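A.B. asks: Sequence isn't available, so here's the structure alone:
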């Protein structure tokens, strides 16, 4: 009875943690704006750093003074994981609220490990915890995609999984609990394989959630028509190489960009002027990329160009200032070369004097890769993706069956 209570309490903690992650999603933007207006966005980063340092300090204290552990290798791994947490938190300083992922997905990893230890007694538990954590992270992003003013971001899916993974490495290599056997049972592998397969299939479904597919099921189920206005989870993007600039991405072929810029420049400039004093986010929702690719992309290039100039003016770091000015200059060159007529007819065009002044401050030209409209899987075919998923699942099932059948024969 006592063990049943412990099992119930452990899983109850997991459920509360997952619900907390899901329920905070609708209010995340409000919280971010409140903190930013009252203090600064960097508060999120400082909170993550402080919590990480306090957590690891307590862990070092317990291992060193309570359990009397003196193995250098364990502390080496813990210091390495601590450094990794700090590195990724600092690398996200432009959007420090994203670093909060490391806190609550690390916490989720802890609760999952604590609950699953009643069911899995071998080291496959680490893989199972990771796959469940990454699955929750994917569902979290799907919920954000459905919500207004929130977006699906494959990078956030990766951050969620990474946070869970770092915690598990800290436990496996740093704490090294002896309760988990090295001998893996067939039932444990089956559980791990199920969650791995579910991750792959859900990921594939997200990748297949293209604008065309959204429109098809929105027509079949009118209740879901609001999803047509959301930023698509996946789209085929064209990669364009320019010898004088670098690489940029678009939903359109170069010929189509040129045609629209030539034929609809006046209308595009008019839209840009009408929305100049309005919300940038509302513009993107009104002209989503999968419906109005040209209007969407020209505005995002302008936003990135102007935002980089603002950042250049906000920093005293000369190298960072030069880097931001260089990005702004390259974005403007993309705009002038490929969206030039529409830009020229709008008030967003730079004068020759301004371009020369900015070019002088940017330093030497270099290769530039614009992230506008870029996607992690740009150019990957849907059929190829599903083939890889099914091959992985089939290989996993076949490998598991072969291995344990061989084990039974030799035992």
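C.D. replies: Sure thing, it's come through. Since the structure is predicted, the reported quantities are computational estimates derived from the model, not experimental observations.
A.B. asks: longest helix anywhere in this structure?
C.D. replies: Determined from DSSP state H, the single longest helix within the chain is helix 382-410.
A.B. asks: So which elements touch that one?
C.D. replies: When contacts are defined as 3 or more Cβ pairs under 8 Å, 6 or more residues apart in numbering; DSSP states H and E, helix 382-410 sits against helix 186-207. Glycine gets a C-beta too; all of them are placed from N, C-alpha and C.
A.B. asks: what sits up against the helix it packs on?
C.D. replies: 119-122, 124-125, 127-128, 131-132, 134-135, 138-139, 142, 152, 233-234, 377, 382, 385-386, 389, 392-393, 396-397, 400, 404 (Cβ atoms under 8 Å, 6 or more residues apart in numbering).
A.B. asks: can you pull the buried residues of the lowest-mean-pLDDT helix or strand in the chain?
C.D. replies: Lowest by mean pLDDT, DSSP states H and E among the helices and strands of the chain is helix 211-220, with a mean of 80. Buried residues in helix 211-220, counted by 16 or more other Cβ atoms under 10 Å: 211, 214, 218.
A.B. asks: is it true that the first one touches residue 251?
C.D. replies: No: counting by Cβ atoms under 8 Å, residue 251 is not a contact partner of residue 211; they are 9.3 Å apart.
A.B. asks: all helices of the stretch 151-300 of the chain, in order?
C.D. replies: Here the stretch 151-300 of the chain has its helices, by DSSP state H, counting those that start in this stretch, at 154-169, 186-207, 211-220, 254-263, 265-274, 280-286, 293-314.
A.B. asks: Need those helices in TSV (columns: distance to residue 88).
C.D. replies: As requested, the helices of the stretch 151-300 of the chain are exported to TSV (distance: least, Cβ to Cβ, whole Å):
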stretch	distance to residue 88
helix 154-169	7
helix 186-207	21
helix 211-220	32
helix 254-263	36
helix 265-274	37
helix 280-286	26
helix 293-314	21
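A.B. asks: which stretch in those helices has the least confidence?
C.D. replies: Across the helices of the stretch 151-300 of the chain, helix 211-220 has the smallest mean pLDDT, namely a mean of 80.
A.B. asks: Return the list of helices and strands in contact with it.
C.D. replies: Here helix 211-220 touches no other helix or strand, going by 3+ Cβ pairs under 8 Å, 6+ apart.
A.B. asks: so how far is it off the chain centroid?
C.D. replies: How far helix 211-220 lies from its chain's middle: 25 Å, per Cα atoms, centre = their mean, to the nearest Å.
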